[in-house]
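Enquirer: turn this into a model:
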Amino acid sequence: MSWGRIKHPSELLEVGQSLDVLVLKVNKERQHVSLGLKQLMPNPWDNVETKYPVGTRLKRKIVSVADYGVFVELEPGIEGLVHVSEISWTNPPIKARDSFETGDEVEVVVLSVDCDRQRIGLGIKQLIPDP
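Expert: I've put the predicted structure just below:
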């Protein structure tokens, strides 16, 4: 439905609303038709390397916190991961859940961009001197 995160289809659609969709798959055996809405919109990953080159500094919101790091939304449909090893210079790495919450705004720097796998590596510790 969307390149970005949505919690419920009602965020984008209303009952009875007319819209254009793309037929993605037809399964005659099960009598199922798969439809797509986001496929009719530009893919945000198409020009991500030019929009977010390595070294770019950004202030964005955390959309998810995991044991291994935090996911930061750069724009709808594009999220980057700050791995726990890229949060602090301290050893061992801090636990992401102890320091961050969903909705927190953080400053990050782009460390890597992999368009084929649709992954962006971000860092926080690179914004402060290594002690």
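
Enquirer: switch to C-alpha atoms for all contacts and neighbour counts from now on
Expert: Fine.

Enquirer: residue with max distance from the center of this structure?
Expert: Residue farthest from the centre of the chain, counting by Cα atoms, centre = their mean, is E29 at 35.4 Å.

Enquirer: can you give me the distance of the residue positioned nearest the centre of the chain to V23?
Expert: Most central in the chain under Cα atoms, centre = their mean is E79, positioned 1.9 Å from the mean C-alpha point. Plainly put, E79 is 27 Å away from V23 if you go by Cα to Cα, to the nearest Å.

Enquirer: show me the beta-bridge partners of the closest residue to the residue nearest to the centre of the chain other than its chain neighbours.
Expert: Leaving aside its sequence neighbours, E79 sits nearest to E73 (Cα to Cα, 6 or more residues apart in numbering; 4.3 Å). When assigned by DSSP bridges, E73 has beta-bridge partners K61, E79.

Enquirer: contact partners for E73?
Expert: Neighbouring residues of E73 by Cα atoms under 8 Å, 6 or more residues apart in numbering: 60-63, 79-80.

Enquirer: need those in a markdown table (columns: distance to N47 and pLDDT).
Expert: As requested, these are exported to a markdown table (distance: Cα to Cα, whole Å; pLDDT from 0 to 100):
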| residue | distance to N47 | pLDDT |
| --- | --- | --- |
| R60 | 19 | 97 |
| K61 | 21 | 96 |
| I62 | 22 | 97 |
| V63 | 22 | 95 |
| E79 | 14 | 95 |
| G80 | 15 | 97 |
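
Enquirer: buried residues, the lowest-mean-pLDDT helix or strand in the chain. List them.
Expert: None of the helices or strands of the chain scores lower by mean pLDDT, DSSP states H and E than helix 96-99, at a mean of 84. Buried residues in helix 96-99, counted by 16 or more other Cα atoms under 10 Å: 96-97.
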